[in-house]
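Asker: kindly generate the corresponding structure for this input.
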Amino acid sequence: MVDTKTPGDKTLSVPTKTLTLKPRVETGTVRQSFSHGRTKQVVVEKRGKRRVGGDGSAGEPHAPEPVVAKPAPVVAKAPSRPAAPAAPRPGGVVLRTLTEDERSARASALADAKVRDIEERRLAEEEAKRRASREGIEQAEREAAEARRKAEEERHRLEEEAKRKAEIEAKKRFGEAEAKAATPAPAATAARPAARPTAAAVPPARAPGVAADASDEDEGPRQVRRGPGGAMRPAVPPKTTHKPGPQKERGRLTLVTALDADNVRERSIASFRRRTQRLKGHASNEPKEKIIREVVIPEAINIQELANRMSERAVDVIRLLMKQGAMHKITDVIDADTAQLIAEEMGHTVKRVAASDVEEGLFDVVDDSTDTEPRSPVVTVMGHVDHGKTSLLDALRHANVVSGEAGGITQHIGAYQVTSPESGKKITFIDTPGHAAFTAMRARGAKVTDIVILVVAADDGVMPQTIEAINHAKAAKVPMIIAINKIDKPDAKPERVRTELLQHEVQVESFGGDVVDVEVSAKNKTNLDKLLEMIALQAELLDLKTNAERPAEGTVIEARLDRGRGPVATVLVQRGTLRIGDIIVAGAEMGRVRALINDQGVNIEEAGPSVPVEVLGFNGPPEAGDRLAVVENEARARQVTSYRAHQKRENAAASISGMRGSLEQMMSQLKTSGRKEFPLIIKADVQGSLEAILGSLEKLGTDEVAARILHAGVGGISESDVTLAEGFNAAIIGFSVRANKEAAAAAKRNGIEIRYYNIIYDLVDDIKKAMSGLLAPTLRETMLGNAQILEVFNISKVGKVAGCRVTDGTVERGANVRLIRDNVVVHEGKLSTLKRFKDEVKEVQSGQECGMAFENYGDMRVGDVIECYRVETIQRSL
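Answerer: Numbers count the residues shown, from 1 in each chain. Coordinates of the predicted model:
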């Protein structure tokens, strides 16, 4: 403890403490425990941190140590008030008061801070003034540059205006020659007063507080620019675009220009006139008169094409559509009605056209010429199969066509010409098949004919195809001649034929009608001359005439793909004359006639009306029944064929999409109907036979099974057909065609079946049998007998056995049984055991007793009835 005295002569006891920077450390011991019962004593040190109190004094982490308060020093020069005693702090600490030196030092520090603050504020203001001055100078420089640019533009404009006025004035007064010499002078004179309205006269912007220099007053106003560091420097004058000296000669260097290099090149009179007209055109701002156009609008057109046809901007068309509430792009396609509204809104006239307009003028053009001449009649022979149609034609032609037909029946449509022995005139005959499958062929024959000969066998009478031929003739509105054939047979009854025809509204002349009938015999050639006479008489009544000098029109009777000659079409010319070299169109095919072959196999140069010929030169085989026409050029032919091919593709796509549907629809149809398909690839020799085969196969289809035609075409079987059949596991059918060597080898290698047919009967029958194999068999129950349970026995290792008596019929082991209780079937199964006494038997007759046991069932009761039956599987057929 230290005793000290205060100015009030009081003694304070102040505890002393050694000052140190080392932290206070508390030590202790801790015993640590380890595994296996081992322990260890460790010394632990706890260091305290120095803490700063709220009054700024430093303290220890424990109780604060007291410090001694020293009295303030006394100034000797001037008497001062003694320092107030220090106020004791809580805890016994005494605070020291400030001395006069410390107060003065603090006051001087505050004064210095205020001075520094004022100085910094002044420097900031000076920097702001300098920045504003710099920005003002830069703004003035920018304004001066803009003024110089505008003045230069104004000067150029005035020069051009003066030059143009001088040219026009000189041309009016002195002519073109004087105008060339007088043009530069007025231009230079007019340009001189307007020159130099530059921004050099604009006084420079000065910073605030900067006085004008004396040199500025002496030299006049000039533009100055402040460089780096604030130095003033004169502004750089703008560069002129015109270079002094002669202008560079322009144009190509030729011999004439090289020799005339000394002469000054002048503008030509035509160039001067063009320039004058151009200036007048730009000067006149009168609105141009709108040109009204006739706009051709097809069924669909895009906006760009419509704007081009109207000579309007596509933007205006789109704007008009937007006003109507339709948002479109320039490439969008709009319909004809919308395009017509737009064209009429813009003041144009509209001419509507359709894609089918390309066919206008091809057929049925009325002949204005009176140079018509009689033509041969076209006669179609129709009737039921095996009634002697082809034999009758052979007798008329003195030929033997029927011997070349497979199976002795006609399966192709043929056209021939016969010369009448009496009149010497030619008659064109068209022979049609009589089989039920060739309905389309008979319909085509009836459409192109003038007279129909209906052949009916006297021993067979009216048959289904006879009735169909009558209906075709009535639909075509052509007269009929009834030829009652086979009158040489002993069972021939011509009167029965005439009577049966009455049922179908065909009344012959012998019965008071208007239909001619002739009894003929193709085998004995009886009454053939009378038949030809009736045909000639009927033709005279029809008065058949046509113009043979017009372009040819006709109908494709049949078409095929010949391996050596290419596409071959049998055509009946109906109007005009067909010549070699003509450009022809038939359906979606076109070509140029390369050869014409008549029915005798002779090449001819031309074919007139009612002449059947084979035409070579088509790009592809046309469809049977297509109309043929001669066009003026290949461009027209391509237009027609492209339109027809497009229509054909659209129809095919529509039919496929309608049949196909979505995947969900296909799956649902398969689940509900369970229809099976028989895939086929069919190749035939001619279009008509192919058409007949497809029609027959389509009729074979049912709700359970149908033929799926993957591909059908005319011509031989190729490797592509075999590849397609391999992908779908299909059979290939060839009708009167054969596979080439490569296709046959590929089919044998891949296991693809190829079947060849020459008779349509056999083809249809085989396909029918194959499709019948896909049908699910029919299950039929056959009742065997009934038995009544008299007692039920429970036998070990066997189960329950029913003792029964057979009431009717028989009961067989292994047969199907039903257990009936109170007229309700409670179980269906099979008999596992059938015993009589102790022996296993195959069957038990009526009235006998036996023991029965069911397979996997034992709930049998006395009084139940057992019904025994057999299930038979019956194969179905189409």
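Asker: buried set for stretch 741-751?
Answerer: Ala743, Ala744, Ala746, Ala747 (16 or more other Cβ atoms under 10 Å). Where you see a C-beta, it was placed from the backbone N, CA and C, and this is true even at glycine.
Asker: what's the spacing between the second one and Gly713?
Answerer: Think Ala744. Per Cβ to Cβ, to the nearest Å, Ala744 is found 18 Å from Gly713.
Asker: ditto for Ser610
Answerer: 31 Å.
Asker: so what's the gap between stretch 868-878 and the chain middle?
Answerer: 52 Å (Cα atoms, centre = their mean, to the nearest Å).
Asker: pLDDT of it, averaged?
Answerer: Mean per-residue pLDDT for stretch 868-878: 81.
Asker: quick check: the residue nearest the centre of the chain vs Glu359, distance?
Answerer: Residue closest to the mean C-alpha point of the chain, counted by Cα atoms, centre = their mean, is Ala653 at 12.6 Å. Look at Ala653 and Glu359: by Cβ to Cβ, they are 21 Å apart.
Asker: and what of Asn729?
Answerer: Taking Cβ to Cβ, one finds Asn729 at 43 Å from Glu359.
Asker: for Val841, same thing?
Answerer: Taking Cβ to Cβ, one finds Val841 at 85 Å from Glu359.
Asker: and Ser610 and Gly713? Which one has more around it.
Answerer: Using other Cβ atoms under 10 Å as the criterion, Ser610 and Gly713 rank with Ser610 on top: 24 against 17.
Asker: how near is that one to Glu169?
Answerer: Counting by Cβ to Cβ, the gap from Ser610 to Glu169 is 86 Å.
Asker: so between Asn729 and Glu359, which is more surrounded?
Answerer: More crowded of Asn729 and Glu359, by other Cβ under 10 Å: Glu359, with 15 against 9.
Asker: excluding chain neighbours, give the residue nearest to the more buried one in space.
Answerer: Val640 (6.1 Å; Cβ to Cβ, 6 or more residues apart in numbering).
Asker: helix, strand or coil for that neighbour?
Answerer: helix (DSSP: H, G, I helix; E, B strand; the rest coil).
Asker: likewise Glu160?
Answerer: Glu160 - assigned by three-state DSSP - is helix.
Asker: tell me, how many residues neighbour it?
Answerer: 12.
Asker: that one and Arg173, how far apart?
Answerer: In terms of Cβ to Cβ, Glu160 sits 21 Å off from Arg173.
Asker: same deal with Ala457?
Answerer: With Cβ to Cβ as the criterion, Ala457 and Arg173 are 112 Å apart.
Asker: list the contacts of Ile297.
Answerer: Leu306, Arg309, Ala336, Ala339, Gln340, Ala343, Val350, Lys351, Arg352, Val353 (Cβ atoms under 8 Å, 6 or more residues apart in numbering).
Asker: the fifth one: helix or strand, and which one exactly?
Answerer: Right, the one you point to is Gln340. helix 336-345 (DSSP states H and E).
Asker: so which bits of that helix are buried?
Answerer: Quick answer for helix 336-345 (16+ other Cβ under 10 Å): Ala336, Thr338, Ala339, Gln340, Ile342, Ala343.
Asker: same thing with stretch 861-877?
Answerer: For stretch 861-877, by 16+ other Cβ under 10 Å, it's Asp864, Val865, Ile866, Glu867, Cys868, Tyr869.
Asker: swap in stretch 478-494?
Answerer: In stretch 478-494, counting by 16+ other Cβ under 10 Å, buried: 478-487, 492-494.
Asker: how about low-confidence regions in the stretch 601-750 of the chain?
Answerer: The stretch 601-750 of the chain contains residues with pLDDT under 70 at 654-674.
Asker: cutoff 50 now
Answerer: For the stretch 601-750 of the chain, the stretches with pLDDT under 50 are 660-661, 672.
Asker: follow-up on the earlier one: mind picking the two most distant members of the buried residues of stretch 741-751?
Answerer: Ala744 and Ala746 (7.4 Å; Cβ to Cβ).
Asker: what's the end-to-end length of stretch 702-721?
Answerer: 26 Å (Cα to Cα, to the nearest Å).
Asker: ok, back up a step: from the buried residues of stretch 861-877, which is closest to Glu373?
Answerer: Closest to Glu373, out of all of the buried residues of stretch 861-877 and judged by Cβ to Cβ, is Tyr869, at 82.7 Å.
Asker: quick one on the thing from earlier: and of the buried residues of stretch 478-494, the nearest to Ala536?
Answerer: Of those, the one sitting nearest to Ala536 (Cβ to Cβ) turns out to be Ile481, at 11.2 Å.
Asker: what's the pLDDT at the closest one?
Answerer: So, for Ile481, pLDDT stands at 91.
Asker: name every strand pairing with the helix or strand hosting it and say which way it goes.
Answerer: Per DSSP H and E, Ile481 falls inside strand 480-485. Under the criterion DSSP bridges, strand 480-485 sits next to strand 451-457 (parallel), strand 516-519 (parallel) in its sheet.
Asker: ok so, going back, ok, of the buried residues of stretch 861-877, which one's closest to Leu279?
Answerer: Of the buried residues of stretch 861-877, the one sitting nearest to Leu279 (Cβ to Cβ) turns out to be Tyr869, at 114.3 Å.
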